[in-house]
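Q: Dropping a prediction and its sequence here:
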Amino acid sequence: MALPRTLSKPIRARIENVVFQSAIIALVLNYLPRLSEYIPYGFSRQALSAIPLARKLLKILWGFAIVKNLSGIASHVALNSWKTNEWNDEQEIVVVTGGSSGIGALVVRGFAERGAKVAILDLQEPKESLGPNISFYKCDVTSSSEISKVATEVRSKFGDPTVLINNAGIGFAETILGGTEAHLRATMNVNLLSHFLMVKEYLPSMVKRNKGHVVTVASMASVVTIASNVDYSCTKAGVLAFHEGLRQELDYRYNARLVRTSIIHPTWVRTPLTAPMGGHSDELTKGILEPEVIADAIVSQVVSGYGGQIFCPPNLSLMSGIRGFPHWLQESIRGAQKNVLQL
């Protein structure tokens with residue numbers, strides 16, 4: 001079945017899924033009554049008695065598949081207004097906070113390899129040599145004056161950025177009573193306040209052109225809070241609210257619906273942030289993701305021209321509804337990770 005090329009790729013993919021799944025299920029439903037012809041005589045009566053139940057279950061699965069894909073289409077439309085922003089490698093200017101190491105460094109490399117101009121904002125200099133289209137700017141992303149100063153330099157060299165990746169993050173894996181006030185304030189400032197400050201600096205030019213992309217690097221800690229990670233989880237829940245509110249303001253306050261917003265929720269990732277914890281927790285290391293997985297997901301999302309919400313791995317998206325689960329189940333899920341950060 002040929003679908004119109006004017007449909008965006010995600011919508012076309014969803015429709016094609018529905019068509020394919022419907023064809024398979026219809027084929028199975030058609031051949032179920034003939035099942036007894038291929039089963040030994042002694043079992044044919046039992047097989048025939050099970051056919052009505054099998055048909056009913058298949059129809060339920062069919063309906064579920066259709067609803068799931070239609071929901072996916074509705075979500076895509078809600079976030080993207082039926083339109084895509086065409087990605088042009090040589091015209092894109094990407095700002096990445098925390099881009100000197102970990103996920104950020106790989107995101108920088110991913111965009112640079114495509115030919116985009118990339119500005120790294122970090123306190124630490126990159127360990128790898130930079131390509132001709134990458135520039136490093138030492139910047140405290142919790143300081144509005146430093147952000148403004150660096151932004152002037154970025155614009156002078158590259159022009160107005162078209163993509164902002166709010167990636168910088170820190171964590172100390174301390175308990176509420178055991179953590180220091182200095183660590184608490186640093187976590188709040190880097191992980192949450194910096195998002196506001198960076199967007200205040202770079203969003204206006206995107207709004208003016210009605211084109212751009214703001215990516216929020218969050219975490220599964222946005223939705224699941226565990227012991228010794230409360231301050232970090234508070235900041236990640238905060239950036240989730242920030243992402244949602246930014247989308248609303250772009251739509252209903254700034255009339256800039258084509259400025260895209262995306263958020264990514266990784267589980268534990270092998271980065272400098274988690275390195276000090278890895279040697280202490282088998283529960284942490286056995287489920288850890290490589291940073292390339294997250295970086296590739298971020299770059300692919302931006303290059304697609306669409307906004308969205310990404311969970312890594314995807315099956316953890318179910319956890320986004322944890323606060324609607326029965327309390328016994330919520331506490332069981334959180335409690336199952338009680339030893340992950342017991343350093």
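A: Nice, thanks for sending it over.
Q: what residue lies at the spatial centre of the protein?
A: I264 (1.7 Å; Cα atoms, centre = their mean).
Q: Cross-check the contact I'm expecting between that residue and I294.
A: Yes. Here I264 reaches I294: they are 6.6 Å apart, a contact under Cβ atoms under 8 Å. The C-beta positions use only the backbone N, C-alpha and C, and glycine is treated the same way.
Q: Overlap in contacts, these two.
A: V217, C312 (Cβ atoms under 8 Å, 6 or more residues apart in numbering).
Q: ok, now which ones touch the nearest residue to I310 once chain neighbours are set aside?
A: Spatially, and ignoring its direct neighbours in sequence, I310 is nearest to I264 (4.4 Å; Cβ to Cβ, 6 or more residues apart in numbering). I264 makes contact with V215, T216, V217, A218, I294, A297, I298, Q301, Q309, I310, F311, C312 under the criterion Cβ under 8 Å, 6+ apart.
Q: In a strand, I264, correct?
A: Yes. Under DSSP: H, G, I helix; E, B strand; the rest coil, I264 falls within a strand.
Q: That one pairs with what?
A: Going by DSSP bridges, I264 is paired in beta bridges with V217, I310.
Q: Run through the stretch 51-200 of the chain and note the low-pLDDT ranges.
A: Where the stretch 51-200 of the chain drops to pLDDT under 70, the residues are 51, 53-55, 58-59, 62, 65, 68-69, 72-79, 81-84.
Q: Please repeat the previous calculation with a cut-off of 90.
A: Applying pLDDT under 90 to the stretch 51-200 of the chain flags the ranges 51-86, 128.
Q: three-state assignment of A119?
A: Classification of A119 using three-state DSSP returns strand.
Q: so how many other residues sit close to it?
A: For A119, the neighbour count with other Cβ atoms under 10 Å is 26.
Q: And for V199?
A: Applying other Cβ under 10 Å, I find that V199 has 18 neighbouring residues.
Q: measure it to C312 for me?
A: 23 Å (Cβ to Cβ, to the nearest Å).
Q: which outside residues touch stretch 129-147?
A: 97-98, 100, 108, 112, 115-123, 125-126, 150, 153-154, 157-158, 168, 189-190, 193-194, 197-198, 200-201.
Q: Hmm, M206 is touching V259, no?
A: Yes. If you go by Cβ under 8 Å, M206 and V259 touch, sitting 4.8 Å apart.
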